[in-house]
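K.L.:
Just need the structure, nothing else, for what follows:
(chains A and B)
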Amino acid sequence: MDASRDEKKLLRYTYLLCLVCFFNLAIIKQPFDKGAMVMSVVTCLLVGYSYFIIRKFFSDGDKYIFIFSSILSVIGMVMLYRINMAVSIKQIIWFAIGVTGFILIVVLLPDLKSFSKHKYFYLIVTIVFMGMATLIGTEINGSKNWIVIGNYNFQPSEFGKLFFVAYLASELKDYKNFKDLIRPALIVMLCLGFMVLQKDLGSALIFFGISITMLYIATSKFRYVAICIGLFAAGATISYKLFDHVKIRVLIWSNPWPYANGKSYQVVQSMFSIASGGLTGSGLGLGHPEYVPVNTTDFIFAALCEELGILIGFGIIILYFLLFYRCMRAAVYGEDEFSRLLVVGYSAMIAAQVLVIVGGVMNAIPLTGITLPLVSYGGSSMLITFFSLGIIQKISEEGR
Amino acid sequence: MDLSKLSLIFKIVIIGIIYMIIFLALRIMYKDMKNGGKRPRNSNRKSFGLEIVSAGNNSNLRTGGVIPVRGEISIGRKNDNLLILDDPYASGYHARVYIKNNDCILEDLGSTNGTLLNGENVKGRQYLSAGDEIRIGSTSFKVIG
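P.N.:
Next up is the predicted model:
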């Protein structure tokens, strides 16, 4: 029973983190804020109950995947409560839905091997989701990748990602020679083209990261990866020449200061706020994250760094790395090629998202607006991340 | 106590907890590496076994013997199976019996002559419960749990 003792210890620290952070938030308000304590108790109960279900009925799976993702969600929830209370209440609902989806996938999904047959279904769904926003999308915050249905808007490319990975896994599992790679390569190019047309450069970067990782794992030939990077460079140069929005992004990345009040306002504010936080931050509730635009989604990492310090920022990156390690571990012990590639694809998806947005917020790479998985506010992003983690959890049961 | 001192304490506590979590996680990773990635099996899980009801024409099996199921047992005619059947009606890799989440599962690996569970042909995977009878060629087993 050694393993479950370690898990429980980690879980106890998660509760402690949740309680301390929300207690801090409650005490800085006059009068004492009871709502924060209610939030913390609800979060703890949700995490504890889900862990109980997973451990009780699916004891063979890798439970650390869930624990790490809940630690990250707790950090996100604390920061959202600090910035905007209404958003954090919505976020806790999304968290509950995401965890429910996670457990439902683990419970209901039969055997993943049989899913490798529906290659053409994945192909069609991927292209439909990718193309949807190009044709009937609406532009929000400079990207034409949103679909608005009534009061609710979502990004179809987020759901497209799930099917994209499934398609690549089912296509690449039968890899034998170069000819097998032509069709997936065309599909990847088509998807990247759609993303550039929708001005969604962050997603394009993620799709490229996913496909290059899966390609290398499936073929283990460095030559193909080199060819891909060459093609990507060519494509990037062409789209730099053709599209104005790509040019602007690169311009404000190479030198943000002359446009600090205009085009590069967001990234300059984000850098100011990270710098003002310093090593240990200003303390919860004492910083000024309200100066950073879109601080609940894309720039939540800047807000976190300002109030809790760059040490927490590093901590979050390490936690993502640990989550990635646990996911890749499931791939190593996976049973067949399809489930292995599926796990690699989904974990590469999460890792690529983290790298792209953290790099963007710090102006290390051109800024592209995507969410920090599990931490920042966003219904579809939360759902997608928990779905993919659920599939990874399911696969980790099979391996031995 | 004024607010800035209080939040200094909170700041340090929160950073401490986060790094404590990371430290614990790294130690778990280290343990995991040292075990060579073998999953620590729960000791209180249910155990299953296969009792040989009729040995058919296998010289290496004895009627009444019990084969314990721990992890996975592969059944077939080829020599790299765990349970080798010397039976012309068994395929090279005939079937496997394994444990997942406290359930015992029988999977037919696409055998030519099929696997019978309680007299019915098995397609893909089937959950086993105590008392079920598995028949492969001339050999039959009873599941005990």
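K.L.:
Do you know the pLDDT at the residue in chain A positioned nearest to chain B?
P.N.:
Closest residue of chain A to chain B, C-beta to the nearest C-beta: A:Gly283 (3.3 Å). In short, each C-beta sits where N, CA and C put it, glycine included. With respect to pLDDT, A:Gly283 has a value of 81.
K.L.:
what's it in contact with, if anything?
P.N.:
Neighbouring residues of A:Gly283 by C-beta atoms under 8 Å, 6 or more residues apart in numbering or on different chains: A:Glu307, B:Ser4, B:Ser7, B:Leu8, B:Phe10, B:Lys11.
K.L.:
any idea which element it lies in?
P.N.:
Applying DSSP states H and E as the criterion places A:Gly283 outside every helix and strand.
K.L.:
For stretch A:236-245, buried residues please.
P.N.:
The neighbour-count check on stretch A:236-245 (16 or more other C-beta atoms under 10 Å in any protein chain shown) flags A:Ala236, A:Ser239 as buried.
K.L.:
no wait, stretch A:316-330
P.N.:
Of the residues in stretch A:316-330, A:316, A:318-320, A:322-330 count as buried by neighbour count, 16+ other C-beta under 10 Å.
K.L.:
Which positions in chain B make contact with chain A?
P.N.:
Applying C-beta under 8 Å from any C-beta of the partner chain, one finds that chain B approaches chain A through B:3-4, B:6-8, B:10-15, B:17-22, B:24-29, B:31-32, B:37, B:39-40, B:42-45, B:71-72, B:100-102, B:124-125.
K.L.:
Any of the residues you listed buried? List them.
P.N.:
Buried among the residues of chain B next to chain A (16+ other C-beta under 10 Å): B:7, B:10-11, B:13-15, B:17-18, B:21-22, B:25, B:28, B:32, B:100.
K.L.:
In strands, which of those appear?
P.N.:
Among these, DSSP state E puts B:Lys100 in strands.
K.L.:
Could you single out the nearest of the buried ones among the residues of chain B next to chain A to chain A?
P.N.:
Distances from chain A to those, taken by C-beta to the nearest C-beta, are shortest for B:Ser7, at 3.3 Å.
K.L.:
Per-residue pLDDT of the closest one, please?
P.N.:
80.
K.L.:
you'd agree it is up against A:Ile28?
P.N.:
Yes. When contacts are counted by C-beta atoms under 8 Å, B:Ser7 is listed as touching A:Ile28 (6.9 Å).
K.L.:
shared neighbours, the two?
P.N.:
With C-beta under 8 Å, 6+ apart as the test, B:Ser7 and A:Ile28 both reach A:Leu284, A:Gly285, A:Leu286.
K.L.:
most surrounded residue in the residues you listed?
P.N.:
The residue in these with the most neighbours, by other C-beta atoms under 10 Å in any protein chain shown, is A:Leu284 (23 neighbours).
K.L.:
Can you name the residues that contact that one?
P.N.:
Contacts here follow C-beta under 8 Å, 6+ apart; on that basis A:Leu284 touches A:Cys21, A:Asn24, A:Leu25, A:Ile28, A:Val78, A:Arg82, A:Glu307, A:Leu308, B:Ser7, B:Phe10, B:Lys11, B:Ile14.
K.L.:
what does the stretch 151-300 of chain A put close to chain B?
P.N.:
Checking the stretch 151-300 of chain A against chain B by C-beta under 8 Å from any C-beta, the hits are A:Thr280, A:Gly281, A:Gly283, A:Leu284, A:Gly285, A:Leu286.
K.L.:
So, low pLDDT: which residues of the chain?
P.N.:
Reading this off chain A. For chain A, the stretches with pLDDT under 70 are A:1-3, A:110, A:141-143, A:399-400.
K.L.:
wrong one, chain B
P.N.:
Within chain B, the stretches with pLDDT under 70 are B:1-2, B:36-46.
K.L.:
hmm, 50 instead?
P.N.:
B:43 (pLDDT under 50).
K.L.:
can you give me the helices for it?
P.N.:
Ranges of helices in chain B, per DSSP state H, are B:3-34.
K.L.:
Now A:Leu17: closest residue in space, sequence neighbours ignored.
P.N.:
Computed as C-beta to C-beta, 6 or more residues apart in numbering or on different chains, the closest residue to A:Leu17 that is not its neighbour in sequence is B:Ile17, at 4.7 Å.
K.L.:
which ones are touching that neighbour?
P.N.:
Listed by C-beta under 8 Å, 6+ apart, the contact set of B:Ile17 reads A:Tyr13, A:Leu16, A:Leu17, A:Val20.
K.L.:
neighbours around the second one, how many?
P.N.:
Under the neighbour criterion other C-beta under 10 Å, A:Leu16 is assigned a count of 16.
K.L.:
likewise the third one?
P.N.:
Residue neighbour count, defined by other C-beta under 10 Å, stands at 23 for A:Leu17.
K.L.:
Who are the contact partners of residue 78?
P.N.:
Went with chain A since none was named. A:Cys18, A:Cys21, A:Phe22, A:Leu25, A:Leu284.
K.L.:
Please refer instead to chain B.
P.N.:
B:Ile84, B:Gly92, B:Tyr93.
K.L.:
Isn't the last one up against B:Ser74?
P.N.:
It stands for B:Tyr93. Yes. Counting by C-beta under 8 Å, B:Ser74 is a contact partner of B:Tyr93 at 6.7 Å.
K.L.:
Identify the contacts common to the two.
P.N.:
Joint contacts of B:Tyr93 and B:Ser74 (C-beta under 8 Å, 6+ apart) are B:Asn81.
K.L.:
Could you list the paired strands of the lengthiest strand in chain A along with their orientation?
P.N.:
The longest strand of chain A (DSSP E) is strand A:143-149. When pairs are called by DSSP bridges, strand A:143-149 turns out to pair with strand A:138-140 (antiparallel), strand A:152-154 (antiparallel).
K.L.:
and these as JSON lines, adding mean neighbour count?
P.N.:
What follows is the strands paired with strand A:143-149, written out as JSON lines (neighbours: other C-beta atoms under 10 Å in any protein chain shown):
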{"stretch": "strand A:138-140", "mean neighbour count": "12"}
{"stretch": "strand A:152-154", "mean neighbour count": "14"}
